[in-house]
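Asks: Pasted the sequence and its predicted model underneath.
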Amino acid sequence: MNNKLLFIPLIIFVGLVTIFGTQLLKNQHGDDPTKLESVLIGKPVPEFRLEDLAEPGKLYDQAIFKGEPLLLNVWATWCPTCYAEHQYLNQLAGRGIKIVGMNYKDDRVKAIGWLTDLGNPYLISLFDGDGMLGLDLGVYGAPETFLIDANGVIRYRHVGDVNPRNWQQTLEPIYQSLVEEIKS
(Lines give C-alpha, C1' and ligand atoms only; values in the text may rest on other atoms or scores of the structure.)
Protein backbone atom coordinates (compact mmCIF):
# COMPACT_ATOMS: atom_id res chain seq x y z
CA MET A 1 0.00 0.00 0.00
CA ASN A 2 2.73 2.50 0.93
CA ASN A 3 4.67 1.70 -2.28
CA LYS A 4 1.67 2.66 -4.40
CA LEU A 5 1.43 6.08 -2.67
CA LEU A 6 5.02 6.83 -3.68
CA PHE A 7 4.00 6.81 -7.36
CA ILE A 8 1.31 9.50 -7.04
CA PRO A 9 3.77 12.47 -6.92
CA LEU A 10 5.68 10.94 -9.85
CA ILE A 11 2.51 10.65 -11.92
CA ILE A 12 1.54 14.26 -11.11
CA PHE A 13 5.05 15.45 -12.00
CA VAL A 14 5.05 13.62 -15.37
CA GLY A 15 1.62 15.07 -16.14
CA LEU A 16 2.76 18.63 -15.41
CA VAL A 17 5.95 18.19 -17.45
CA THR A 18 3.84 16.97 -20.37
CA ILE A 19 1.49 19.97 -20.18
CA PHE A 20 4.28 22.56 -19.86
CA GLY A 21 6.38 20.85 -22.55
CA THR A 22 3.47 20.95 -24.97
CA GLN A 23 3.03 24.70 -24.37
CA LEU A 24 6.74 25.36 -24.91
CA LEU A 25 6.72 23.44 -28.18
CA LYS A 26 3.67 25.39 -29.36
CA ASN A 27 5.52 28.68 -28.72
CA GLN A 28 8.59 27.44 -30.62
CA HIS A 29 6.45 26.66 -33.64
CA GLY A 30 5.05 30.09 -34.31
CA ASP A 31 2.83 31.07 -31.40
CA ASP A 32 3.87 34.56 -30.36
CA PRO A 33 3.24 35.22 -26.66
CA THR A 34 3.31 39.00 -27.31
CA LYS A 35 0.43 38.73 -29.76
CA LEU A 36 -2.78 38.39 -27.81
CA GLU A 37 -5.84 38.07 -29.95
CA SER A 38 -8.42 40.73 -29.26
CA VAL A 39 -12.13 40.61 -29.90
CA LEU A 40 -11.78 44.30 -30.83
CA ILE A 41 -9.64 43.69 -33.93
CA GLY A 42 -11.69 45.04 -36.82
CA LYS A 43 -13.93 47.06 -34.51
CA PRO A 44 -13.91 50.76 -33.59
CA VAL A 45 -12.18 51.99 -30.46
CA PRO A 46 -14.78 51.73 -27.67
CA GLU A 47 -16.62 54.92 -26.73
CA PHE A 48 -14.96 56.88 -23.95
CA ARG A 49 -14.50 60.31 -22.39
CA LEU A 50 -11.12 60.80 -20.75
CA GLU A 51 -9.24 63.81 -19.50
CA ASP A 52 -5.98 65.07 -20.91
CA LEU A 53 -3.11 63.94 -18.69
CA ALA A 54 -1.64 67.43 -18.22
CA GLU A 55 -4.87 69.43 -18.47
CA PRO A 56 -7.57 68.08 -16.13
CA GLY A 57 -10.97 69.11 -17.40
CA LYS A 58 -9.94 68.94 -21.08
CA LEU A 59 -11.86 65.92 -22.39
CA TYR A 60 -11.31 63.66 -25.37
CA ASP A 61 -13.43 60.95 -26.91
CA GLN A 62 -12.97 58.30 -29.59
CA ALA A 63 -13.12 60.94 -32.35
CA ILE A 64 -9.38 61.56 -31.78
CA PHE A 65 -8.72 58.28 -33.55
CA LYS A 66 -10.24 59.37 -36.84
CA GLY A 67 -8.46 60.99 -39.77
CA GLU A 68 -5.10 59.22 -39.90
CA PRO A 69 -3.55 55.95 -38.76
CA LEU A 70 -1.84 56.01 -35.40
CA LEU A 71 -0.62 54.01 -32.46
CA LEU A 72 -2.34 53.98 -29.09
CA ASN A 73 0.35 53.25 -26.51
CA VAL A 74 -0.78 52.16 -23.03
CA TRP A 75 1.87 53.05 -20.46
CA ALA A 76 2.47 53.80 -16.78
CA THR A 77 5.28 55.07 -14.56
CA TRP A 78 5.08 51.90 -12.44
CA CYS A 79 5.95 49.82 -15.52
CA PRO A 80 9.69 49.12 -16.03
CA THR A 81 9.10 47.85 -19.57
CA CYS A 82 7.39 51.17 -20.41
CA TYR A 83 10.55 52.94 -19.31
CA ALA A 84 12.60 50.65 -21.57
CA GLU A 85 10.45 51.40 -24.63
CA HIS A 86 10.02 55.15 -24.06
CA GLN A 87 13.18 56.29 -25.83
CA TYR A 88 12.24 54.29 -28.90
CA LEU A 89 8.75 55.82 -28.92
CA ASN A 90 10.42 59.25 -28.90
CA GLN A 91 12.47 58.17 -31.94
CA LEU A 92 9.35 56.97 -33.77
CA ALA A 93 7.54 60.24 -33.03
CA GLY A 94 10.59 62.11 -34.33
CA ARG A 95 10.24 60.18 -37.60
CA GLY A 96 6.62 61.30 -37.94
CA ILE A 97 4.81 58.26 -36.50
CA LYS A 98 1.59 59.44 -34.87
CA ILE A 99 1.20 58.16 -31.30
CA VAL A 100 -1.51 58.76 -28.72
CA GLY A 101 -0.54 57.83 -25.18
CA MET A 102 -2.87 56.45 -22.56
CA ASN A 103 -1.52 56.69 -19.04
CA TYR A 104 -3.01 53.65 -17.32
CA LYS A 105 -3.89 53.31 -13.60
CA ASP A 106 -1.18 55.73 -12.60
CA ASP A 107 -0.43 58.80 -10.53
CA ARG A 108 -1.05 61.87 -12.68
CA VAL A 109 1.76 63.97 -11.13
CA LYS A 110 4.32 61.18 -11.59
CA ALA A 111 3.18 60.66 -15.19
CA ILE A 112 3.52 64.35 -16.07
CA GLY A 113 6.99 64.36 -14.50
CA TRP A 114 7.93 61.28 -16.53
CA LEU A 115 7.02 62.99 -19.81
CA THR A 116 8.79 66.19 -18.75
CA ASP A 117 11.98 64.31 -17.87
CA LEU A 118 12.03 61.65 -20.61
CA GLY A 119 10.37 63.49 -23.50
CA ASN A 120 6.84 63.31 -24.79
CA PRO A 121 6.27 61.25 -27.94
CA TYR A 122 2.48 61.63 -27.75
CA LEU A 123 0.24 63.88 -29.83
CA ILE A 124 -2.36 63.50 -27.08
CA SER A 125 -1.92 62.05 -23.60
CA LEU A 126 -5.05 60.48 -22.17
CA PHE A 127 -5.38 59.87 -18.44
CA ASP A 128 -7.10 56.54 -17.64
CA GLY A 129 -6.65 56.72 -13.88
CA ASP A 130 -9.33 54.18 -13.04
CA GLY A 131 -8.44 51.90 -15.96
CA MET A 132 -11.93 51.82 -17.47
CA LEU A 133 -10.85 52.41 -21.10
CA GLY A 134 -8.07 49.90 -20.53
CA LEU A 135 -10.68 47.41 -19.35
CA ASP A 136 -12.83 48.10 -22.43
CA LEU A 137 -9.77 47.53 -24.64
CA GLY A 138 -8.95 44.29 -22.86
CA VAL A 139 -5.63 45.58 -21.56
CA TYR A 140 -3.78 43.07 -19.40
CA GLY A 141 -1.11 45.52 -18.29
CA ALA A 142 1.37 47.97 -19.65
CA PRO A 143 2.82 48.41 -22.14
CA GLU A 144 0.38 47.49 -24.87
CA THR A 145 0.12 49.20 -28.24
CA PHE A 146 -2.82 49.21 -30.63
CA LEU A 147 -2.58 50.13 -34.32
CA ILE A 148 -5.67 52.10 -35.27
CA ASP A 149 -6.66 52.99 -38.82
CA ALA A 150 -7.91 56.35 -40.12
CA ASN A 151 -11.52 55.33 -39.40
CA GLY A 152 -10.82 54.66 -35.72
CA VAL A 153 -10.84 50.87 -36.16
CA ILE A 154 -8.40 48.73 -34.19
CA ARG A 155 -6.30 46.71 -36.63
CA TYR A 156 -3.63 45.15 -34.43
CA ARG A 157 -2.71 44.69 -30.78
CA HIS A 158 0.86 44.34 -29.55
CA VAL A 159 1.60 43.28 -25.97
CA GLY A 160 4.97 44.27 -24.57
CA ASP A 161 7.45 46.94 -25.51
CA VAL A 162 7.79 48.49 -28.93
CA ASN A 163 11.42 48.08 -29.94
CA PRO A 164 13.39 48.24 -33.21
CA ARG A 165 13.00 44.52 -33.90
CA ASN A 166 9.22 44.20 -33.48
CA TRP A 167 8.66 47.61 -35.05
CA GLN A 168 10.51 46.65 -38.23
CA GLN A 169 9.25 43.07 -38.42
CA THR A 170 5.60 43.49 -37.48
CA LEU A 171 4.30 46.91 -36.51
CA GLU A 172 5.81 49.12 -39.21
CA PRO A 173 4.51 47.02 -42.14
CA ILE A 174 0.99 47.16 -40.69
CA TYR A 175 1.29 50.89 -39.96
CA GLN A 176 2.57 51.61 -43.48
CA SER A 177 -0.27 49.60 -45.03
CA LEU A 178 -2.74 51.73 -43.05
CA VAL A 179 -1.02 54.88 -44.33
CA GLU A 180 -1.25 53.54 -47.90
CA GLU A 181 -4.98 52.84 -47.45
CA ILE A 182 -5.75 56.53 -46.95
CA LYS A 183 -3.62 57.53 -49.95
CA SER A 184 -5.61 55.35 -52.33
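Replies: It's in. Numbering: from 1, shown residues only.

Asks: Kindly tell me how buried Gly57 is, as a neighbour count.
Replies: By the criterion of other C-beta atoms under 10 Å, Gly57 has 6 neighbours. Where C-beta positions appear, they are placed from N, C-alpha and C, glycine not excepted.

Asks: in a helix, that's where it is, yeah?
Replies: No. Secondary structure of Gly57, determined by DSSP: H, G, I helix; E, B strand; the rest coil: coil, with no helix assignment.

Asks: So the closest residue to it other than its chain neighbours, which state does it fall into?
Replies: The spatial neighbour of Gly57 that comes closest, neighbours along the chain excluded (C-beta to C-beta, 6 or more residues apart in numbering), is Glu51 at 6.6 Å. Assigned by three-state DSSP, the conformation of Glu51 is strand.

Asks: bridging residues for Glu51?
Replies: Leu59, Phe127 (DSSP bridges).

Asks: Now Thr81: which helix or strand?
Replies: Using DSSP states H and E, Thr81 maps to helix 80-94.

Asks: What is the burial count for the residue nearest to Gly57?
Replies: With other C-beta under 10 Å as criterion, Glu51 counts 17.

Asks: ok, it touching Phe127?
Replies: Yes. In this structure Glu51 lies within contact range of Phe127 using C-beta atoms under 8 Å: 5.0 Å.

Asks: Where does the record place the domain boundaries for the chain?
Replies: Domain assignment for the chain by automatic domain parsing gives 1-31, 49-183.

Asks: between those, which one is nearest to Lys43?
Replies: domain 49-183 (6.2 Å; C-beta to C-beta).

Asks: just the strands in this protein please.
Replies: 49-52, 59-61, 70-75, 99-104, 124-128, 144-148, 154-159 (DSSP state E).

Asks: Perfect, that will be all.
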